[in-house]
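Asks: The amino acid sequence is not available; the structure is as follows:
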């Protein structure tokens, strides 16, 4: 594909934090994902990545996705995914289980109160 072909791929601008694993480098790095498409992403980080390196990105609601560094410019770089993803999943709120083990302060109230019926203290 030429550079003009790449611009035809739909991307979503967003700001999401994700974890990055770089082949041959121990540990995980935190990255800021700036835009995301089915075929890849653009991110910012302070760690050093090289064009062509094999990487894995942990995107919320998607999980670990394999790819390779397509380009690097200053603190920004692009990753081309090995397999396409659904970028809308990364925008969706994180799914949480709702059960009785959830602390009361994070569950919705059981009943709605009429402010007129409350007494002043």
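Replies: Done, it's in. Everything quoted here is computed from the prediction, not taken from an experiment.
Asks: just the helices in the protein please.
Replies: For the chain, helices defined by DSSP state H occupy the ranges 3-6, 87-91.
Asks: Pick out the shakiest of those, pLDDT-wise.
Replies: Among these, helix 3-6 carries the lowest mean pLDDT, at a mean of 48.
Asks: What residues does the residue lying closest to residue 28 once chain neighbours are set aside make contact with?
Replies: Excluding the flanking residues, the one nearest residue 28 by Cβ to Cβ, 6 or more residues apart in numbering is residue 19, at 4.6 Å. For every residue, glycine as well, the C-beta is placed using N, CA and C. Going by Cβ atoms under 8 Å, 6 or more residues apart in numbering, residue 19 touches 28, 29, 30, 31, 57, 58.
Asks: Take those and keep only those in strands.
Replies: Under the assignment DSSP state E, the contacts of residue 19 contribute 29, 30, 31, 57, 58 to strands.
Asks: Show me just the buried residues among these.
Replies: Among the ones in strands among the contacts of residue 19, the ones that count as buried by 16 or more other Cβ atoms under 10 Å are 29, 31, 57.
Asks: for the residues you listed, which one is nearest residue 73?
Replies: Proximity of those to residue 73 (Cβ to Cβ) peaks at residue 31, which lies at 14.6 Å.
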